[in-house]
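In: predicted model follows, preceded by the sequence.
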Protein chains: 2
Amino acid sequence: MRTYPLKGAHGELVHALGVRVVSGEIEPMQILNVDQIGLEFAVSRTVVREALKVLAGKGLVESVKKLGTYATTESAWNWLDPDVIRWKFENSQNYSFLDDLGEVRLMLEPIATKLAASRRIEEDISSMGDAILAMAQAARQESLDPELFTKSDLAFHSAIYKSTKNQFLLSFSKVMQTGLLIRDQLVHTSFNVRGDVVKKHRQVFEAIVAREPEVAEARMRDLLVDAAADAVSATIVKSPLAKRKK
Amino acid sequence: MRTYPLKGAHGELVHALGVRVVSGEIEPMQILNVDQIGLEFAVSRTVVREALKVLAGKGLVESVKKLGTYATTESAWNWLDPDVIRWKFENSQNYSFLDDLGEVRLMLEPIATKLAASRRIEEDISSMGDAILAMAQAARQESLDPELFTKSDLAFHSAIYKSTKNQFLLSFSKVMQTGLLIRDQLVHTSFNVRGDVVKKHRQVFEAIVAREPEVAEARMRDLLVDAAADAVSATIVKSPLAKRKK
DNA sequence: CCCTTAATAAATCATACTTAAAATTGCTGA
DNA sequence: TCAGCAATTTTAAGTATGATTTATTAAGGG
């Protein structure tokens, strides 16, 4: 399974080099030699150069004449690029950036929910309704379906961002989804789904349907605090080195 | 002056095509013919293909064999890419996305300020201090310097994001800066700098220095409300068609 | 110390070849 | 006659390679 959308040799090379840069395997200021890479991956210079241009577009490398193309420092990277996030996950020593992502989520999502409650249209309601139904279905004790649960959970939150009619929030939700999805793969959907998770989602939904911004916001905030607590315990279990940077 | 960081024929082509897609001049699903573009810009196929790959990396185009490379719909674009924002500004009929950006700013920046107040290190303090000094200097009635004012204003807010030690917030601040910078060019720094602007910035700064998260947050929120009010009046004056989508 | 020149690697160009997928054609059988 | 299916053609992306240009650093000479 390809987790990246890019096709062919080019896509694989973008992916491979991207991972090397964000994982720190290729250190900042280290030169990426075109011919050498072409040799290693058995592709032509054309393909290598295209890949480097794409990475440059995401801030991961820079190139100056005479010197060469070199990796940049973290602060130059576009962390809000879904690819960058995905690559970061794949070979990381340190998952503290997950905490960073969660922190931003906690800043945005309750207010996004408030906005959703005042701007949602019928189409948004039906998306959310479908997601909630699927979620309840997946959480049924007789037939637990972790994959469906995760998927519908993400769909619900995504629908909220979409309801805000704010392009930036929608783009952010993609970054978030990428992060959460891979986190779930990492912690293997511990799926200690507390009985009230679905209920709490439904209550958020109902407040949005009823166009009650303040109520929706408060309920979402409550829900996220629970989710964060679950995530922390899961992370500690699976990955003892995941420590918050002071 | 080049407002884009990309160099040479390649960079210019990425820019030109990016603007066309983002502005809607090239509509979703419309095919971008490689040979035709090469002819129009008098560059080789290689350069065109590299440019299209970069755009694909930002979600602006997709390519399938046999069919060609075509523009995608807005929802596929990565709005959190500084280039995308910049291009959006350059040929837009509608500046409502500025309101979207401001909305997200209002969601993030007060809390970022709160975090900054508890996580800032000495280096952050000196960055902010320098920015505040420059700002006060620029706002002096004897020698008004709009450009310096804008620059130091941005530097101050950027230093706050940096103090949070959260990579995502830092990347977001780049997007924000791009937006605010070009907005200021658009409204030509109306510079009706209310006397208390510098003072309010200084008060935020002092709360951060004193490590008073709650106070810092409240003061920043207050400051942003003023800024938003100024921006709205400026936008209405210069651009009557800037209407908020209902 | 400045100016010229050489060296270097990115940037560009041009062209040929390969691959995958869609569209067309053509065959078959009901 | 025509619907359905398979083989063929066509199209444009994708890949490869060698030659050329350009910009910048570094070395060398005045």
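Out: Structure's in. What do you need? Residues are numbered from 1 along each chain as shown, chains lettered A, B, ... in the order given.
In: where does chain A have low pLDDT?
Out: Chain A contains residues with pLDDT under 70 at A:1-8, A:186-195, A:230-246.
In: just the helices in it please.
Out: With DSSP state H, the ranges of helices along chain A come out as A:8-23, A:34-41, A:45-57, A:82-90, A:96-119, A:122-139, A:146-163, A:167-186, A:197-209, A:213-238.
In: tell me which of those helices approaches DNA strand D most closely.
Out: Taking C-beta to the nearest atom of the strand, helix A:8-23 is the member of those nearest to DNA strand D, at 3.0 Å. (Each C-beta comes from the backbone N, C-alpha and C, glycine too.)
In: contacts for the closest one?
Out: Applying C-beta atoms under 8 Å, 6 or more residues apart in numbering or on different chains, the contact partners of helix A:8-23 are A:2, A:4-6, A:25-26, A:32, A:37, A:41, A:43, A:47-48, A:50-52, A:54-55, A:58, A:60-61, A:71, A:77, A:83-84, A:87-88, A:90-93, B:53, B:57.
In: still on that earlier bit, and B:Ser173, which of the helices of chain A is closest to it?
Out: helix A:96-119 (11.9 Å; C-beta to C-beta).
In: please save the CA atoms from the closest one in PDB.
Out: Extracted in PDB, the C-alpha atoms of helix A:96-119 (Å, rounded to 0.1, in the frame of the first residue of the first chain):
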ATOM      1  CA  SER A  96       6.900  15.200  20.400                       C
ATOM      2  CA  PHE A  97       5.500  16.900  17.300                       C
ATOM      3  CA  LEU A  98       2.400  14.800  17.800                       C
ATOM      4  CA  ASP A  99       1.900  16.800  21.000                       C
ATOM      5  CA  ASP A 100       2.400  20.000  19.000                       C
ATOM      6  CA  LEU A 101      -0.200  18.900  16.600                       C
ATOM      7  CA  GLY A 102      -2.600  18.100  19.400                       C
ATOM      8  CA  GLU A 103      -2.000  21.400  20.900                       C
ATOM      9  CA  VAL A 104      -3.000  23.200  17.700                       C
ATOM     10  CA  ARG A 105      -6.000  21.000  17.400                       C
ATOM     11  CA  LEU A 106      -7.100  22.000  20.800                       C
ATOM     12  CA  MET A 107      -6.700  25.600  19.800                       C
ATOM     13  CA  LEU A 108      -8.700  25.400  16.600                       C
ATOM     14  CA  GLU A 109     -11.300  22.700  16.800                       C
ATOM     15  CA  PRO A 110     -13.600  24.000  19.600                       C
ATOM     16  CA  ILE A 111     -13.900  27.300  17.900                       C
ATOM     17  CA  ALA A 112     -14.200  25.600  14.500                       C
ATOM     18  CA  THR A 113     -17.200  23.800  16.000                       C
ATOM     19  CA  LYS A 114     -18.700  27.000  17.200                       C
ATOM     20  CA  LEU A 115     -18.400  28.400  13.700                       C
ATOM     21  CA  ALA A 116     -19.800  25.200  12.300                       C
ATOM     22  CA  ALA A 117     -22.900  25.600  14.400                       C
ATOM     23  CA  SER A 118     -23.600  29.000  12.900                       C
ATOM     24  CA  ARG A 119     -22.600  28.400   9.300                       C
END
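In: and the angle from it to helix A:8-23?
Out: Orientation note: helix A:96-119 sits at an angle of 110 degrees relative to helix A:8-23 (axes from the mean of the first three to the mean of the last three C-alpha atoms, to 10 degrees).
In: still on that earlier bit, which ones, among the contacts of helix A:8-23, also lie beside DNA strand D?
Out: A:43, A:47, A:50, B:53 (C-beta under 7 Å from any atom of the strand).
In: just put the residues you listed in TSV and tack on distance to A:Glu109.
Out: Shown next, in TSV, are those (distance: C-beta to C-beta, whole Å):
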residue	distance to A:Glu109
A:Val43	41
A:Val47	40
A:Glu50	37
B:Lys53	33
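In: among those, which pair sits farthest apart?
Out: Pairwise across those, and taking C-beta to C-beta, the largest span is found between A:Val43 and B:Lys53, at 13.8 Å.
In: show the buried residues in the ones next to DNA strand D among the contacts of helix A:8-23.
Out: Buried by 16 or more other C-beta atoms under 10 Å in any protein chain shown: A:43, A:47, A:50, B:53, out of those.
In: now, which of those sits nearest DNA strand C?
Out: Using C-beta to the nearest atom of the strand, these come closest to DNA strand C at A:Glu50, 9.8 Å.
In: quick one: the closest one and B:Ala51 touch, right?
Out: No: at 9.9 Å, A:Glu50 and B:Ala51 do not qualify as touching, with contact defined as C-beta atoms under 8 Å.
In: returning to that earlier point: for the helices of chain A, give me CSV that also has distance to B:Ile121.
Out: Listed next are those as CSV, based on distance: least, C-beta to C-beta, whole Å:
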stretch, distance to B:Ile121
helix A:8-23, 24
helix A:34-41, 38
helix A:45-57, 31
helix A:82-90, 24
helix A:96-119, 17
helix A:122-139, 42
helix A:146-163, 33
helix A:167-186, 26
helix A:197-209, 38
helix A:213-238, 25
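In: quick one, which of those helices gets closest to DNA strand C.
Out: helix A:34-41 (4.7 Å).
In: check whether the closest one contacts DNA strand C.
Out: Yes: using C-beta under 7 Å from any atom of the strand, helix A:34-41 comes into contact with DNA strand C via A:Val34.
In: so which bits of chain A are right by DNA strand C?
Out: A:31, A:33-34, A:45-46, A:49, A:52, A:63-69.
In: out of the ones next to DNA strand D among the contacts of helix A:8-23, which is nearest to B:Ala227?
Out: Nearest to B:Ala227 among these is B:Lys53, at 38.4 Å by C-beta to C-beta.
In: could you list which residues are in contact with the closest residue in space to the closest one that isn't next to it in sequence?
Out: Leaving out its chain neighbours, the residue that sits closest to B:Lys53 by C-beta to C-beta, 6 or more residues apart in numbering or on different chains is A:Glu50, at 4.9 Å. The contact partners of A:Glu50, by C-beta under 8 Å, 6+ apart, come to A:10, B:49-50, B:53.
In: stretch A:172-189: which residues count as buried?
Out: Within stretch A:172-189, judged by 16+ other C-beta under 10 Å, the buried ones are A:172-184, A:186-187, A:189.
In: the contacts of helix A:8-23, buried ones only, as a ChimeraX selection?
Out: Buried members of the contacts of helix A:8-23, defined by 16+ other C-beta under 10 Å, are picked up in ChimeraX with:
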select /A:4,6,26,32,37,41,43,47,48,50,51,52,54,55,58,60,61,71,77,83,84,87,88,92 /B:53,57
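In: farthest-separated two in the contacts of A:Glu50?
Out: A:His10 and B:Glu50 (10.6 Å).
In: before we move on, back to that, so which of the residues of chain A next to DNA strand C is the most crowded?
Out: When neighbours are counted by other C-beta atoms under 10 Å in any protein chain shown, A:Leu52 leads the residues of chain A next to DNA strand C with 22 neighbours.
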